[in-house]
Each structure stands twice: as structure tokens, then as C-alpha cells.
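Visitor: Fold the following for me, if possible:
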Amino acid sequence: MHRGSCLCGAVQFEVAGPLTPPNACHCTRCRKHSGHFEASTDVLRTALTVRGTKSLSWFQSSKKVRRGFCITCGSSLFWDPVEKDWIAVSIGAFDPPTNTSLSMHIFVADKGDYYEISDGLPQNDQ
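Guide: Residues are numbered from 1 along each chain as shown. The predicted model follows:
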């Protein structure tokens, strides 16, 4: 079981089972949503339990995806492709230990011009 929360603790979540290796998304939408790039792990919806949903709000960022965040502290928590059986959870919102590590970078063609990616992990343009 892995647990996590937003910054203020109003939204808490649990994921049953191991976490998949997270990826870092550098697309414009993720950068604007998080303030930098966004790193998340994909989990089956059936493995995720969320508490404090009164403090959870959703922003429909495209026709197929919504983003979940805490209305109290503003923490970015979820990237939800509503037609899929999984949801992405921000890896930084988990309490340690996560027992995983970053696996790759995606949408690096859209990355910000103020940083370099130099960790040696695979980089995908899209």
C-alpha cells in the first residue's frame, strides 16, 4: 500500500500494490498545470482510493483528459484520461518510500527553455 496527499492534507489517497515506474512529462499543458514538468505513475482505477473529495476539483484540460487538484492548497494530484481504466497520480504527492524511480521523459520537444534534461534516462519527443 502506498499513501499520499496534497500539501495541506485535505485530499488523501492510497494505491494498492506496487507503483509503476513514473515518467516525466514536459508538454506545455503539464508544465502550466504544475509549474514545471510533471512526474506521475499510472495506476489502475480499481487500485486507487481517494479521501477528501470535497476538496478535490477537476479541470477539463482537453476532450479526453481532466486534471485533479486540491482546491485548498492547489496541489496537482491527478491526470485522468477518463476513458481509460487507469489514472496518473503525481509521484511527488506520495509519502516515501515509493520504491520506484523515474523511467523516462516524454514530450521533450515541448520542454521549457530554462532547463536541461541530463539524467541519462530515455527521452521521447512526444
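Visitor: So which residues of the protein form helices?
Guide: Using DSSP state H, the helices of the chain run over residues 28-34.
Visitor: Need the residues that contact the worst-scoring helix or strand of the chain on mean pLDDT.
Guide: Across the helices and strands of the chain, the lowest-confidence element by mean pLDDT, DSSP states H and E is helix 28-34, at a mean of 92. The contact list for helix 28-34, computed with CB atoms under 8 Å, 6 or more residues apart in numbering, reads 37-38, 59, 61-62, 67, 69, 76, 79, 90, 107, 110-112. In short, each C-beta sits where N, CA and C put it, glycine included.
Visitor: Which of these fall in strands?
Guide: Residues of the contacts of helix 28-34 located in strands (DSSP state E): 38, 59, 67, 69, 76, 79, 90.
Visitor: The last one pairs with what?
Guide: For residue 90, the beta-bridge partners under DSSP bridges are residue 40.
Visitor: Would you list the buried entries among the ones in strands among the contacts of helix 28-34?
Guide: 38, 67, 69, 76, 79, 90 (16 or more other CB atoms under 10 Å).
Visitor: Which two among those are spaced furthest apart?
Guide: 38 and 69 (11.6 Å; CB to CB).
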